[in-house]
Structures are given as C-alpha cells and as structure tokens.
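Peer 1: make a model of this:
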Amino acid sequence: MPQFLKFLRYFLLGRAQRVFGAQALTGLLLLGFGASVWTSLRTDIRDQEIYKVKESDFCVWNPPVWVSDRFVAEALELRAPEARTEELNSLDPNLVDNLLIAFESHPWVEKVESIEVRFPARVDVKLKYKEPVAVVDPTPSVAVDLGDSATAVFADDWRDAQNEKSGAARFGEKYVVDANGYRLPDEYFRNNPSAYRDFPTVLGIRSTPVSDFGQCGDPLVVEAAAFARFLAERNVFEKLDINRIVVSKIKGEARGVYCLKTVGGVVVFWGRFGAASEKENAASEKAADERDATFALQEAKARKLFQLAEKYSSLDAVPQEAAAELNLAVDEIDGAGAQTSAPTAENVAGKNAE
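Peer 2: Below is the predicted model:
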C-alpha cells in the first residue's frame with residue numbers, strides 16, 4: 001500500500017507541474033508578445049500631436065502681476081540640458097521631474113506646490129512666488145539724504161561717503177528684494193516705474209549686487225529686507241504713511257541701525273532691528289530667551305509708533321516739543337513699551353524741527 005501511495009503522489013505532482021508549467025509558459029509568451037507590441041506602438045502613440053505639450057498647454061495658477069508673460073517659456077529654458085533637447089510629451093514618465101527642476105530654478109519661484117499632468121496634453125502648475133518687500137536705492141542721492149537726516153543721529157561711517165566724489169562711489173540702480181534679501185527680476189518695475197512706490201525704499205546701502213537676481217551678497221541688505229517684512233506684516237507702511245527706511249552702520253559692527261521716514265519727512269529713530277547673529281542662533285535656552293526678548297522689544301517699538309500716531313492723529317503731526325518721543329532706540333524702551341530719556345532724543349527732535 002505505501003508503494004501505491006508514493007506512485008499516486010508522483011503521478012499527480014508530475015502532471016500538475018506539466019499542466020501549470022505549460023500555462024506559465026503560455027502566460028510568459030503572451031506577456032512578451034504584448035510587451036513587444038507596446039514597444040513597437042509606443043513611439044507611434046507618443047508622436048501623436050494630441051500628446052505633445054506646448055507652452056500654451058500650461059495652466060499656471062494665480063501668477064502675480066510682476067511675473068513676466070514669458071514666465072513659462074523662461075522656466076522651460078531652465079530644464080536640465082538633456083531634457084531641453086526633447087519635446088514635452090504627456091506620456092513621458094520623466095515629465096513632472098523635469099518640470100519640477102525647471103520651475104524651482106526660476107528666480108520668481110519660492111516653492112513648487114504641485115505639478116499635475118492631465119491627458120491628453122495639459123499641465124497644471126501651482127507655485128508659491130517670492131514677494132517684493134522693499135526697493136533698495138543705492139544712488140548718489142542717498143549720501144545727501146543720509147547727510148540731511150541720519151548723521152546727526154548716528155555716529156556712523158557715512159561722513160566718509162559724503163567726501164567721496166560721485167564718480168568714485170559704488171552706487172547703482174535701484175532694485176527690488178524679497179524678505180530674504182534676494183534680488184528679484186525687475187523687468188516689470190522698469191516698465192512700470194510707478195510700481196516701485198508700492199513698496200518702501202531702503203536708503204543707505206552702499207554695496208552693489210553681485211548679479212541681476214539672487215542673493216545680493218550684503219548682510220545689511222538681508223537684515224534691512226527682514227526689517228521691511230517685519231514692518232509690512234504690522235501694516236506700518238500702510239497705516240502710518242512711512243515710505244522710507246534709512247540704514248546706517250556703526251564702525252566696526254556688521255549690523256545696521258535704522259531710521260524710518262514718513263511721507264511728510266518726519267524722522268523716527270528705530271535703532272537696531274535686532275536680527276539674530278550666528279552666535280544667537282545657537283540651540284540653547286539662553287539664546288532662545290535672548291531672541292524672545294529681542295522680538296518683544298521690536299513689537300514694543302511697533303506698538304509705540306501706533307500709539308504716537310493715535311495720540312497726535314499722525315506721525316507727521318507730532319509737535320516739535322514732543323519730537324523726542326520719536327526715538328524708539330532698543331535700549332530706551334522697557335518691556336511695556338514705555339519711553340524713557342534717550343541720549344539721542346535731542347538730535348531727533350532737532351532734526352525734525354529743521
């Protein structure tokens with residue numbers, strides 16, 4: 001009996017292997033045939049006009065007004081070199097990756113939020129754009145402006161600049177920056193000069209940008225841009241008729257000290273903005289406390305500005321005898337935002353009186 005069972009088991013297993021082995025072989029042959037057919041047809045299908053993606057097939061959501069009408073074409077030129085040699089095709093498995101590189105590389109793009117390919121040939125692109133926060137104006141007139149308004153307040157190094165001949169000074173055309181001090185493309189602003197007035201002007205920068213767009217290479221530009229964003233987020237420019245930020249630098253120090261100017265010419269002495277240095281950025285409890293304290297001081301000064309505007313109906317209406325209140329130096333304001341005596345208050349009052 002055991003031998004009979006062994007024979008039966010051998011017969012059944014062997015037959016099963018032959019049957020299923022034949023089916024597996026048939027399946028593989030069919031798959032291979034299908035793959036060869038798809039390979040031969042794929043090129044013909046890809047070449048159909050309906051799958052080719054043209055510039056007009058892109059839908060870029062909500063581009064701001066300062067982005068060029070040639071935005072998509074500019075982005076497509078920023079694809080990897082090997083990708084630029086091929087036509088765009090919605091059946092290309094690498095299409096999204098290539099477009100991601102292209103749009104991330106555009107100087108107006110902060111972040112690519114999504115890229116969706118829709119068939120037969122449409123591409124939806126959603127982006128987060130860089131936003132202008134200030135216009136940097138490093139023109140020769142800045143030296144005059146600083147001489148008229150800031151050197152009486154700051155013991156700065158601009159006196160040397162005033163003695164330079166205009167031909168020797170390193171000044172250039174004004175340019176637009178975002179909150180990170182990134183110089184933005186300015187074609188729109190050059191073609192629409194009135195658009196510059198939509199943003200505060202930063203005066204006092206002496207450096208020249210290293211390129212037409214990108215990081216300017218000047219830490220003072222980065223700090224001034226962060227200061228402009230801080231003020232804009234609190235509606236200081238919009239509600240208090242302030243349109244200029246004058247930055248100066250104490251000799252031997254990298255960080256700036258700031259004045260604000262109203263449309264009417266009133267000078268507000270802000271002092272240091274308090275951007276954190278590398279040392280202050282260290283991951284320590286003490287550094288965190290210092291940053292919190294610095295931020296609280298900046299908030300206190302902003303509140304003081306609005307209190308003054310409410311008290312006198314506007315900053316331009318602050319009387320001469322109360323002009324010392326326009327000194328908001330960091331070390332002159334306590335945690336509650338109260339004003340105390342200041343060594344530069346007389347300078348600010350005298351300059352506003354002029």
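
Peer 1: how far does stretch 128-138 stretch from start to finish?
Peer 2: Start-to-end span of stretch 128-138 (CA to CA, to the nearest Å) is 29 Å.

Peer 1: sorry, that was for stretch 73-87
Peer 2: This stretch, stretch 73-87, spans 13 Å end to end (CA to CA).

Peer 1: show me the contact partners of that stretch.
Peer 2: By CB atoms under 8 Å, 6 or more residues apart in numbering, the list of residues contacting stretch 73-87 from outside reads 52-53, 55, 68, 88, 92, 94, 98-99, 101-103, 105-106, 109. (C-beta placed from N, C-alpha, C; glycine too.)

Peer 1: how about the helices in this structure?
Peer 2: Per DSSP state H, the chain carries helices over the ranges 2-46, 71-76, 81-84, 95-104, 141-149, 158-163, 187-191, 219-233, 236-240, 285-312, 345-353.

Peer 1: circling back to that earlier point, now the buried members of the contacts of stretch 73-87.
Peer 2: Among the contacts of stretch 73-87, the ones that count as buried by 16 or more other CB atoms under 10 Å are Lys52, Val53, Leu88, Asp92, Asn98, Leu99, Ala102, Phe103, His106, Val109.

Peer 1: you'd agree the last one is up against Lys130?
Peer 2: The reference is to Val109. Yes - judged on CB atoms under 8 Å, Val109 makes contact with Lys130 at a distance of 7.1 Å.

Peer 1: which positions in stretch 233-253 come out as buried?
Peer 2: Across stretch 233-253, burial judged by 16+ other CB under 10 Å covers Arg234, Val236, Phe237, Leu240, Asp241, Ile242, Arg244, Ile245, Val246, Val247, Ser248, Lys249.

Peer 1: out of these, name the ones that lie in strands.
Peer 2: Among the buried residues of stretch 233-253, the members falling in strands (DSSP state E) are Ile242, Arg244, Ile245, Val246, Val247, Ser248, Lys249.

Peer 1: tell me, how many residues neighbour the closest residue to Ala225 other than its chain neighbours?
Peer 2: Nearest residue to Ala225 in three dimensions, chain neighbours excluded: Gly181, at 4.2 Å (CB to CB, 6 or more residues apart in numbering). By other CB atoms under 10 Å, 22 other residues sit near Gly181.

Peer 1: check the one 3 residues further on too.
Peer 2: Applying the criterion other CB under 10 Å, we find 22 residues in the vicinity of Leu184.

Peer 1: OK, contacts around it?
Peer 2: For Leu184, the contact set (CB under 8 Å, 6+ apart) comprises Trp66, Pro107, Trp108, Lys130, Pro132, Tyr175, Val176, Val177, Asp178, Phe213.

Peer 1: got the buried residues for the longest strand along the chain?
Peer 2: Ranked by residue count under DSSP E, the longest strand found in the chain is strand 109-118. The neighbour-count check on strand 109-118 (16+ other CB under 10 Å) flags Val109, Glu110, Val112, Ile115, Val117 as buried.

Peer 1: nearest to Glu321, of those residues?
Peer 2: Glu110 (47.0 Å; CB to CB).

Peer 1: need the contact list for that closest one.
Peer 2: Contacts for Glu110 (CB under 8 Å, 6+ apart) come out as Leu127, Lys128, Tyr129, Lys130.

Peer 1: same check on Phe189?
Peer 2: Contacts for Phe189 were tallied using CB under 8 Å, 6+ apart; they are Trp66, Val135, Val176, Ala195, Tyr196.

Peer 1: do the same with Val266
Peer 2: Remark: with contacts taken as CB under 8 Å, 6+ apart, Val266 is in contact with Leu315, Asp316, Val318, Leu326, Asn352.

Peer 1: again, but for Val210
Peer 2: Cys216, Gly217.

Peer 1: can you give me the distance of it to Arg118?
Peer 2: For Val210, the distance to Arg118 equals 40 Å [CB to CB, to the nearest Å].

Peer 1: count of neighbours near the nearest residue to Ala329 once chain neighbours are set aside?
Peer 2: Using CB to CB, 6+ apart and skipping residues adjacent in sequence, the residue nearest Ala329 is Gly271, 3.8 Å away. Using other CB under 10 Å, Gly271 has 23 neighbouring residues.

Peer 1: partners of Gly271 in the sheet?
Peer 2: Under the criterion DSSP bridges, Gly271 forms beta bridges with Tyr258.

Peer 1: surely it touches Tyr258?
Peer 2: Yes - the pair Gly271 / Tyr258 is scored as a contact, 6.8 Å apart, by CB under 8 Å.

Peer 1: so what's Asp124 bridging to?
Peer 2: Following DSSP bridges, Asp124 is listed with bridge partners Cys59, Glu116.

Peer 1: quick check: the gap between it and Leu88.
Peer 2: For Asp124, the distance to Leu88 - CB to CB - is 14 Å.
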